[in-house]
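1. Let me see the structure of the following:
(3 chains)
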Amino acid sequence: MFDHGWDHGLDDNQLAAAAHGDGPLVILAGAGTGKTRTLTARVASLVDRGVPPERILLLTFTRRAADDMVARAAAMCTRPDAGRRLQGGTFHAVAHDLVSRNTEALGLPLAVSVLDRSDSTDVMDFLRHDHQLDDTDVRYPKASTLVDIYSRSVSTGRPARQLIATEFGWVEPHLEQVIAILRAYVMRKRERGLIDFDDLLLAWRSLLADPLLGPEIAGRWDHVLVDEYQDVNQTQVDIVHALRPTGAGLTVVGDDAQAVYAFRGSDSAHLTGLTSSLAGVTVLRLERNFRSRQRLLDLANAVRPTSGEHRLTLHSDRPGGRRARLVRCHDAAAEARAVADAVLTAAQDGRPLRDQAVLMRTGHHSDLLEIELTGRGVPFVKFGGLKFLEAAHVKDFVAAVRLLDNQLDEVAWYRLLRLHDGIGPARARALLEILGTAQMPESAAPIDIDAQAIAAAPAISRTSLALTLATLGAARERRGIGDRAAGCLALLRPLLTARYPDAVVRIADLDRLVSAAESAPDLGAFVAELTLDPPASTGDLAGPPHLDDDYLVLSTVHSAKGLEWPVVHVIHLVDGAFPSDMALTSSAGLVEEQRLFYVAVTRAEDELSLYAPLRMPHHRHARDDKHSFAPVSRFIDEEAMVNLDVEQLSPPRPAPVRIGVPARVALPTLDDLWA
DNA sequence: GGTAACTGGGTTTTT
DNA sequence: CCCAGTTACC
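-> Now for the predicted structure:
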């Protein structure tokens, strides 16, 4: 074999995938089987075969995965400029780029604002109000439920009526009103230049369906490679199909047992279906695992949901190892202590904190653990759960920036207006009628509009509102990105200071955001990108200064997908927590939880500990009988149990009971205190 | 009467 | 952080 660089260290199956020709290729890759390595090697091999790098498109679901893959592929290529020319990104980022360049063709205003989920909920709330669905005497579906229905409907291609009938039964009494609101939601966004996450994909699909633009866009790429294909929804399937209609030049990688995004419209049937529906498809399997010790894979294979023809069985390159531990704890507090003990013990045994991770079903499952870790001085970083962007002040800043370009952005106005004393939901809505209405750039002077709004505002808010509008107007006149961003911060400074007790910290956050924005090519794009891919913590923005510090990672299983650590702790393995009580009612939900558990288990390289608290504050069902292994976790059946070492932590010793006369304790009097 | 501001209890997962 | 319920203001 010639040494191309990209084929170095690949096994036969990986090599077959990397060197595969132009026909459609489906790679079924189990966890830890070198999927990324294979995909990047394939990219490098294509480039070596003479495919121009810019004619290769790598699609992923997270920007981290996209950046990672482009960088690694570039490193394998013999062409020095490949990294710059390779096209890669998340579905949503690529879509956003295309949408921004084609707003006119799409019939959108020149400037569009990207809505995250909570922005979408705000829009839905306006409509709920307009349609009088916010009366308190009848329980109408909440705005967030409406967003759920809308999103699931468009991303799966199922009509809302059908979706409501099968999965949102409690909404049916208001079916007609809900349908009317969903229609209005589409119109409202279009009028105001607002696009949500689903719209980005829908717009890309529409562009591809256009007789003129479609072929031009699809024609930009000869090869399309899609990572994590088990997580695509119907819109994404349509996009991929429009990009590579015959399947030639298409490579997809995935593992149906790791499909964990059904709640956002994904369906792993899209992956499994491809293996039979695509003419001339080559299906390759990667089952050789380079990550985990065999003992851990035995457990992984036993808990992996079976999936008929696409059964994959992982076998390790790294035999032996320790069996996973199942630690049964008395309650969540005992669990937190046990995890902290284990983390510190491992650290003493030469596993730095950075080699360990604690995984959980939902963000707040680590609440007690975080207190415990803080108390013991163990540094940690948390992924998943509340994001930096969800902090109120960051959303305020994003709103201000969006208003620079898009004055029709009512969601942004609504947010900003309510920061003023004396302006609540109702007054903000009234002011929106004035401020958020379209004025053509050349028509009525904006000053008049501002004056009108100030006059309409309650007296107490007029001074600060006038200042806000003036600062915003001034920032709009600026051209430099740093100046514009600084203007937005200047606008917020008095408002945040008045509103939040910890305003100093929050403003310092925004200072960092402003300096990060300065190096961006365009402020609007910077904010849109921030929305599409929010940094997990403020630390992310400042670059990696604490990279040489040692810290423990706490993460939701969803956010841990694709990552690995030598030592992994999975906490809260108890019905109602993991699996989530939201999923307990449907079998589809339970299978998804099982896949999520499989993802968690397969993150570990050397050591895996599973923690099962027996008593949870809100769950009385966990029984205390210490010797029965039956209700350990519904994820672990008898076959899987064989691969576990079970440890039972003794319950905490009850506080000693004192019998006798209670001591008399005198509370201090004022005179005592002043003495 | 209509709002804003405050209080207390609860929270799935994410592009 | 969001929501519902309550109080207090104009």
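
2. any idea which strand is longest in chain A?
-> With secondary structure taken from DSSP state E, chain A has its longest strand at strand A:604-615.

3. Can you tell me what sits against stretch A:480-492?
-> With C-beta atoms under 8 Å, 6 or more residues apart in numbering as the test, stretch A:480-492 has contacts from A:393, A:396-397, A:400-401, A:404, A:419, A:468, A:471-472, A:474-476, A:478, A:507, A:510-511, A:513-514, A:517-518, A:520-523, A:526. (C-beta placed from N, C-alpha, C; glycine too.)

4. filter those residues to the buried ones?
-> Buried members of the contacts of stretch A:480-492, scored by 16 or more other C-beta atoms under 10 Å, are A:393, A:396-397, A:400-401, A:404, A:419, A:468, A:471-472, A:475, A:507, A:510, A:513-514, A:517, A:520, A:523, A:526.

5. Filter those down to the ones in strands?
-> Of those, none are assigned to strands by DSSP E.

6. interface residues of chain A facing DNA strand C?
-> Residues of chain A lying close to DNA strand C by C-beta under 7 Å from any atom of the strand are A:118, A:121, A:136, A:142-144, A:386, A:390-392.

7. can you rerun that using 6 Å?
-> Proximity of chain A to DNA strand C, by C-beta under 6 Å from any atom of the strand, involves residues A:118, A:136, A:142-144, A:390-392.

8. is it possible to export those to TSV including secondary structure and neighbour count?
-> Putting the residues of chain A next to DNA strand C into TSV (DSSP: H, G, I helix; E, B strand; the rest coil; neighbours: other C-beta atoms under 10 Å) gives the following:
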residue	secondary structure	neighbour count
A:S118	helix	15
A:T136	coil	6
A:K142	coil	15
A:A143	helix	22
A:S144	helix	14
A:E390	helix	13
A:A391	coil	14
A:A392	helix	13
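
9. With pLDDT and distance to A:G9 as added columns, please give those residues in TSV.
-> Putting the residues of chain A next to DNA strand C into TSV (pLDDT from 0 to 100; distance: C-beta to C-beta, whole Å) gives the following:
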residue	pLDDT	distance to A:G9
A:S118	87	45
A:T136	58	65
A:K142	85	52
A:A143	87	52
A:S144	89	48
A:E390	74	41
A:A391	79	43
A:A392	83	48
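
10. Return the closest of those residues with respect to A:G88.
-> Minimum distance to A:G88 across these is 26.7 Å, recorded for A:E390 (C-beta to C-beta).

11. who are the neighbours in contact with the closest one?
-> Counting by C-beta under 8 Å, 6+ apart, A:E390 touches A:118, A:534.

12. distance between the longest strand of chain A and the chain's centre?
-> In terms of C-alpha atoms, centre = their mean, to the nearest Å, the centre of strand A:604-615 is set 24 Å apart from its chain centre.

13. Just confirm A:R293 contacts A:N643, I think it does.
-> No. Using C-beta atoms under 8 Å, A:R293 makes no contact with A:N643, being 11.4 Å away.

14. And the helix or strand that the longest strand of chain A is followed by, what does it pack against?
-> Note on strand A:604-615: by DSSP states H and E, the next helix or strand toward the C-terminus is helix A:638-641. Secondary-structure packing of helix A:638-641 (3 or more C-beta pairs under 8 Å, 6 or more residues apart in numbering; DSSP states H and E): helix A:294-303.

15. and the following helix or strand past the helix it packs on, average pLDDT?
-> Where DSSP H and E defines the elements, the next helix or strand beyond helix A:294-303 is strand A:315-318. For strand A:315-318, mean pLDDT rounds to 86.

16. Strand A:315-318 pairs with which strands?
-> Using DSSP bridges, strand A:315-318 pairs in its sheet with strand A:288-293 (parallel).

17. what's next to the partner strand, contact-wise?
-> A:11, A:13, A:30-34, A:297, A:300, A:314-322, A:564, A:602, A:604-606.

18. Skipping its backbone neighbours, what lies nearest A:A209 in space?
-> Ranked by C-beta to C-beta, 6 or more residues apart in numbering and with sequence neighbours excluded, the top spatial neighbour of A:A209 is A:A242, at 6.7 Å.

19. Tell me the buried residues in the helix or strand hosting the one you found?
-> Assigned by DSSP H and E, A:A242 belongs to helix A:234-243. For helix A:234-243, burial by neighbour count (16+ other C-beta under 10 Å) applies to A:234-240, A:242-243.

20. Going toward the C-terminus from that helix, what's the next helix or strand?
-> Using DSSP H and E, the first helix or strand after helix A:234-243 is strand A:250-254.

21. Could you tell me the angle between that following strand and helix A:234-243?
-> Calculated by axes from the mean of the first three to the mean of the last three C-alpha atoms, to 10 degrees, strand A:250-254 forms an angle of 150 degrees with helix A:234-243.

22. Each with direction, which strands does strand A:250-254 pair with?
-> In the sheet, strand A:250-254 lines up against strand A:25-29 (parallel), strand A:223-226 (parallel) (DSSP bridges).

23. In it, which residues are buried?
-> By neighbour count with 16+ other C-beta under 10 Å, strand A:250-254 contains the buried residues A:250-254.

24. Off-centre distance for the helix holding A:A242?
-> Once both centres are worked out by C-alpha atoms, centre = their mean, helix A:234-243 turns out to sit 21 Å from its chain's centre.

25. list the helices and strands that helix packs on?
-> Using 3+ C-beta pairs under 8 Å, 6+ apart, helix A:234-243 sits against helix A:143-156, helix A:197-209, helix A:213-218, strand A:223-226, strand A:250-254.

26. quick check, distance from whatever helix or strand A:V178 lives in to the centre of its chain.
-> A:V178 belongs to helix A:175-192 when assigned by DSSP H and E. In terms of C-alpha atoms, centre = their mean, the centre of helix A:175-192 is set 26 Å apart from its chain centre.

27. I'd like to know the average pLDDT value across that helix.
-> In this model, helix A:175-192 has an average pLDDT of 90.

28. residues contacting the closest residue to DNA strand C within chain A?
-> Nearest residue of chain A to DNA strand C: A:A392, at 2.5 Å (C-beta to the nearest atom of the strand). Contacts here follow C-beta under 8 Å, 6+ apart; on that basis A:A392 touches A:Y500.

29. Kindly report the same for A:A457.
-> A:A457 sits next to A:420, A:422-423, A:427, A:431, A:465 when contact means C-beta under 8 Å, 6+ apart.

30. Separate out the buried members of those residues.
-> Judged by 16+ other C-beta under 10 Å, buried ones among those: A:420, A:423, A:427, A:431, A:465.

31. Now name the helix or strand holding A:D645.
-> Here A:D645 is assigned to strand A:644-648, by DSSP H and E.

32. I'd like the distance from the very next helix or strand once past that strand to the chain centre, please.
-> As assigned by DSSP H and E, the chain's next helix or strand after strand A:644-648 is helix A:670-674. Centroid displacement of helix A:670-674 relative to its chain, using C-alpha atoms, centre = their mean, is 56 Å.

33. same question, stretch A:515-522
-> Offset of stretch A:515-522 from its chain centre (C-alpha atoms, centre = their mean): 23 Å.

34. For that stretch, measure first residue to last.
-> In stretch A:515-522, first residue to last residue: 13 Å (C-alpha to C-alpha, to the nearest Å).

35. same check, this time on stretch A:38-57
-> In stretch A:38-57, first residue to last residue: 15 Å (C-alpha to C-alpha).

36. May I see the buried residues of that stretch?
-> The neighbour-count check on stretch A:38-57 (16+ other C-beta under 10 Å) flags A:38-48, A:51, A:53, A:55-57 as buried.

37. Now the two most distant members of the residues of chain A next to DNA strand C.
-> Using C-beta to C-beta, the two most remote members of those are A:T136 and A:A391, lying 29.6 Å apart.

38. how about low-confidence regions in the stretch 251-400 of chain A?
-> A:307-310, A:384-387 (pLDDT under 70).

39. at 80 what do you get?
-> Along the stretch 251-400 of chain A, the model assigns pLDDT under 80 to residues A:306-311, A:383-391.

40. Is A:T90 in contact with A:T60, as I believe?
-> Yes. Using C-beta under 8 Å, A:T90 is in contact with A:T60, at 5.6 Å.
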